[in-house]
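Engineer: Sequence and predicted model, in that order:
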Amino acid sequence: MINFEKLTVKAQEALRQAHSIASEYANQQLMPEHILKAMLSDESGAASQVLKKTGADFNKILAGVETAINKLPKVSGISEVYM
């Protein structure tokens, strides 16, 4: 089990956002794709800044992550998202 108190504030925010994304997409399990989307959604975050500074096509990467999330199994009426 992860002890959230030992994580940085940014890591805690990313995991909370990833949880929200998993719920939004009706995914019962929190996956790396959700965490990546959460990290990329933070425009001032390190992941977004690094990709933009390297000249990567940020929108294409984000679209690819969303496509991957859409391929994950969906559950209707989920009450809890699991890690």
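Structural biologist: Received, thanks. Numbering: from 1, shown residues only.
Engineer: hmm, who's touching stretch 42-58?
Structural biologist: For stretch 42-58, the surrounding residues in contact (CB atoms under 8 Å, 6 or more residues apart in numbering) are 10, 13-14, 17, 36, 39-40, 61. Any C-beta I mention is one placed from the backbone N, CA and C, and that applies to glycine too.
Engineer: hmm, which of those residues are the buried ones?
Structural biologist: Burial by neighbour count, 16 or more other CB atoms under 10 Å: within the contacts of stretch 42-58 this picks out 14, 17, 36, 39-40.
Engineer: which one of these is nearest V81?
Structural biologist: Distance to V81 across the buried ones among the contacts of stretch 42-58 (CB to CB) is lowest for Q17, with 12.1 Å.
Engineer: From I61, how far out is the residue of the chain positioned farthest from its centre?
Structural biologist: What lies farthest from the middle of the chain is G55; by CA atoms, centre = their mean that is 21.5 Å. Separation of G55 from I61 (CB to CB, to the nearest Å): 12 Å.
Engineer: what's the answer for S23, then?
Structural biologist: Applying CB to CB to S23 and I61 gives a distance of 23 Å.
Engineer: list the buried ones in the top helix by length along the chain?
Structural biologist: Longest helix of the chain, by residue count under DSSP state H: helix 9-24. For helix 9-24, a neighbour-count test (16+ other CB under 10 Å) marks 14-15, 17-19, 21-23 as buried.
Engineer: again, but for stretch 45-57
Structural biologist: By neighbour count on 16+ other CB under 10 Å, the buried set for stretch 45-57 is 47-48, 51.
Engineer: Likewise for stretch 24-38?
Structural biologist: Buried residues in stretch 24-38 (16+ other CB under 10 Å): 25, 27, 30-31, 33-38.
Engineer: Closest one to Y82 out of those residues, please.
Structural biologist: For Y82, the nearest member of these is L30. The distance, counting by CB to CB, is 6.7 Å.
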